[in-house]
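Undergrad: Just a sequence and a predicted model for now, questions to come.
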Amino acid sequence: MDLKETVAKIVREEMGEYIEEDMQFTGSYEGEEFNVIVKLRYEPEDFEQRNARLYDRVWELGYDIGIFMEYPEEAITV
């Protein structure tokens, strides 16, 4: 399993049922290995805990990887 597959697996484990569509991987930015864009249906109530676990697990891999969460416009409240 390569690094992108490993990161995708971790994202699916932490955000699984909230993921709207396939993740997008983009090139590196400011020294990161790569970036991953995750589109969510909406923000889970326990988003902070899920997100913290996600970043901790990815960080433990020993690589700097950018992870960005996107939501549908109608899911964003001000």
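TA: Nice, thanks for sending it over. Numbering: from 1, shown residues only.

Undergrad: how close does residue 45 sit to residue 58?
TA: The gap separating residue 45 from residue 58 is 22 Å, by CB to CB, to the nearest Å. In short, each C-beta sits where N, CA and C put it, glycine included.

Undergrad: okay, the two: which has more neighbours?
TA: Comparing residue 45 with residue 58 by other CB atoms under 10 Å, the one with more neighbours is residue 58, at 21 against 8.

Undergrad: Let me see the contact set for that one.
TA: By CB atoms under 8 Å, 6 or more residues apart in numbering, residue 58 lies in contact with 7, 10, 65, 67.

Undergrad: what's the closest of the residues you listed to residue 37?
TA: residue 67 (8.4 Å; CB to CB).

Undergrad: Mind telling me what element the spatially closest residue to the closest one that is not a sequence neighbour is part of?
TA: Spatial nearest neighbour of residue 67, excluding adjacent residues (CB to CB, 6 or more residues apart in numbering): residue 36 at 5.4 Å. Here residue 36, judged by DSSP states H and E, is contained in strand 34-39.

Undergrad: shaky segments in this structure?
TA: 73-78 (pLDDT under 70).

Undergrad: If we use 50, what do you get?
TA: 76-78 (pLDDT under 50).

Undergrad: Spell out the residue ranges of the helices in it.
TA: 3-15, 47-59 (DSSP state H).

Undergrad: Alpha carbons only: can I get the last one in PDB?
TA: C-alpha atoms of helix 47-59 as PDB (Å, rounded to 0.1, in the frame of the first residue of the first chain):
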ATOM      1  CA  PHE A  47     -15.800  16.700  13.900                       C
ATOM      2  CA  GLU A  48     -13.100  18.100  16.200                       C
ATOM      3  CA  GLN A  49     -12.400  14.700  17.700                       C
ATOM      4  CA  ARG A  50     -12.500  12.900  14.400                       C
ATOM      5  CA  ASN A  51     -10.200  15.600  12.800                       C
ATOM      6  CA  ALA A  52      -7.700  15.400  15.600                       C
ATOM      7  CA  ARG A  53      -7.500  11.600  15.400                       C
ATOM      8  CA  LEU A  54      -7.100  11.900  11.600                       C
ATOM      9  CA  TYR A  55      -4.200  14.400  11.800                       C
ATOM     10  CA  ASP A  56      -2.500  12.500  14.600                       C
ATOM     11  CA  ARG A  57      -2.700   9.200  12.700                       C
ATOM     12  CA  VAL A  58      -1.400  10.800   9.500                       C
ATOM     13  CA  TRP A  59       1.400  12.700  11.400                       C
END
